[in-house]
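[1] Following is a predicted model, sequence given first.
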Amino acid sequence: MFCTVFHMREDKANPGGFMTADCRGNLRRLHAAFQAKHGGLHMRHGCEPEMMWLHKGADGGHAHGPTKPNAYHVDQFETLAPVFLKAIAYSRAMGLDMIQGDHEDAHGQLELNFMFDEALRTCDRLTTYRQICARVAREHDLIACFMTKPFIKMSANGCHHNISLWRDGAEQIVGLRQDPRPAMDDVFTYRRGGVNTFLDPQNPGHWLPSTLGRHAVGGILAHLPALTAIGASTVNSYRRMMDQGLWAPVYADWGFQNRTCALRVSAPGRMEYRSVDPMVNPYLMAAALIQAMDDGLTRALDPGEPEERNIYEAMEAGKQVRRLPSNLGQALDALDADPVVQSALPGDMLRLYREYKRDEWDQFNATVSDWDVARYLDCLP
């Protein structure tokens, strides 16, 4: 249920007030504060949720997917047509304006995208989309796998966020509704038009963002280590971050069409944040990006010149680039040191997130894995 959560009126602490453990309510309030501070400027974003449709194994776990790991291969894409067409139909019935899809580089790996919108609605739609995929998987006796990296030596699942800052625009109801029965107009509403402030008004078709856009990029770059604790939120997320040969976004830089950087100018008027995967809590991620961009705008942070070289070649040539955290523990340490990103998790939210994620990291470190046994069981030092 999409709602805003409040304390009960009889609570001794903050009676009737906002419950700060409500990540969706926090995003609504933080985005409203951002708009008030910056003259109506608001974030719109779209996401690219990759996931894998997997067969169930005899033991109840997963087996390989029903397709080969051939990226953009139309035959592999069409093999999954009965699955993704149903996912698209259900998504449109729930107000998701589905615009693009392709087969990615792993078994059963698809990316189905829906139209971008204001931050809160995009987060609601990603949450809805994941539930839709789970429903379709049950109907086809498959597993809808949003785990970041279930297979070694194969591409992981990402969820790139394409970000822009806008002024004005109008609410429009898109023509997706098929069912004649009453439905909430909000489900089918998108904000369209307005001014995309990432575009340079002197050269609107150019890929280089405006001064305002550069400052927003500068804010995200300044806080990338702590943002990673939100976007790469599980132990398994860092299996993806170690795959440097598979376009892993592990370096704190930005560039034009540069998949080796954490931030990529993927088209005029938007920035692609790449260090995020489909296990993300979208409300926390959107709030953290808004707070980072607010810092960039407030302090007029300059991101430097965009890197057009492969980042590894640039580093070999002597460029100094920060590496993002290599594991969840390091990312949580970065979050602990970054009050700007912490401000995206106000009140109880930061305490709960720290406790939950530190516990996950501690449990992982205390677990004896198959790798441990295979490497050390018969070791005679």
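    Nice, thanks for sending it over. Numbering: from 1, shown residues only.
[2] what about residue 48, distance to residue 89?
    20 Å (C-beta to C-beta, to the nearest Å). (Each C-beta comes from the backbone N, C-alpha and C, glycine too.)
[3] what helix or strand is the nearest residue in space to residue 37 that is not next to it in sequence on?
    In space, and not counting its chain neighbours, residue 37 is closest to residue 294: 7.0 Å by C-beta to C-beta, 6 or more residues apart in numbering. Using DSSP states H and E, residue 294 maps to helix 282-299.
[4] could you dump that helix to CSV, C-alpha only?
    Output of helix 282-299 as CSV, limited to C-alpha atoms (Å, rounded to 0.1, in the frame of the first residue of the first chain):
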residue,chain,number,x,y,z
PRO,A,282,14.2,3.3,-4.5
TYR,A,283,12.9,5.8,-2.0
LEU,A,284,16.1,5.9,-0.1
MET,A,285,18.1,6.1,-3.3
ALA,A,286,16.1,9.0,-4.7
ALA,A,287,16.2,10.9,-1.5
ALA,A,288,20.0,10.4,-1.3
LEU,A,289,20.5,11.6,-4.8
ILE,A,290,18.4,14.7,-4.1
GLN,A,291,20.4,15.6,-1.0
ALA,A,292,23.7,15.1,-2.9
MET,A,293,22.5,17.3,-5.7
ASP,A,294,21.3,19.9,-3.2
ASP,A,295,24.8,20.0,-1.8
GLY,A,296,26.3,20.4,-5.2
LEU,A,297,23.9,23.3,-6.1
THR,A,298,24.4,25.0,-2.7
ARG,A,299,28.2,24.9,-2.9
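[5] angle of the longest strand seen in the chain against helix 282-299?
    Criterion DSSP state E: the longest strand present in the chain is strand 42-55. Between strand 42-55 and helix 282-299, the angle comes out at 150 degrees (axes from the mean of the first three to the mean of the last three C-alpha atoms, to 10 degrees).
[6] Please point out which parts of whichever helix or strand comes after strand 42-55 sit buried.
    Next helix or strand after strand 42-55 toward the C-terminus (DSSP H and E): helix 74-79. Judged by neighbour count (16 or more other C-beta atoms under 10 Å), helix 74-79 contains these buried residues: 76-77, 79.
[7] which one of those residues is nearest residue 198?
    Residue 198 has its nearest neighbour among those in residue 77, at 31.2 Å by C-beta to C-beta.
[8] so what's the closest one closest to, chain neighbours aside?
    Here the residue nearest residue 77, using C-beta to C-beta, 6+ apart, is residue 103, at 4.2 Å.
[9] wait, what's in contact with that neighbour?
    With contact set as C-beta atoms under 8 Å, 6 or more residues apart in numbering, residue 103 has these partners: 67, 70-74, 76-77, 80, 109-110.
[10] go on, residue 149?
    156-157, 236-237, 239-240, 243.
[11] could you dump those to TSV with pLDDT and neighbour count?
    Output for the contacts of residue 149, formatted as TSV (pLDDT from 0 to 100; neighbours: other C-beta atoms under 10 Å):
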residue	pLDDT	neighbour count
156	91	28
157	94	24
236	95	18
237	95	27
239	92	20
240	90	21
243	66	17
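[12] which stretches of the stretch 101-250 of the chain form helices?
    Along the stretch 101-250 of the chain, counting by DSSP state H, counting those that start in this stretch, helices occupy 119-139, 211-222, 224-231, 237-241.
[13] May I have stretch 209-228 exported as CSV, CA atoms only?
    Below are the C-alpha coordinates for stretch 209-228, written out as CSV (Å, rounded to 0.1, in the frame of the first residue of the first chain):
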residue,chain,number,x,y,z
PRO,A,209,25.2,19.7,-19.2
SER,A,210,24.4,23.3,-18.1
THR,A,211,26.2,25.0,-15.2
LEU,A,212,23.3,23.9,-13.0
GLY,A,213,23.6,20.4,-14.3
ARG,A,214,27.4,20.4,-13.7
HIS,A,215,26.9,21.4,-10.1
ALA,A,216,24.4,18.6,-9.6
VAL,A,217,26.9,16.2,-11.0
GLY,A,218,29.5,17.6,-8.7
GLY,A,219,27.3,17.0,-5.7
ILE,A,220,26.8,13.3,-6.7
LEU,A,221,30.5,12.8,-7.3
ALA,A,222,31.4,14.3,-4.0
HIS,A,223,29.2,11.8,-2.1
LEU,A,224,29.6,8.7,-4.3
PRO,A,225,31.2,6.5,-1.6
ALA,A,226,28.3,7.0,0.9
LEU,A,227,25.7,6.9,-1.9
THR,A,228,27.1,3.4,-2.7
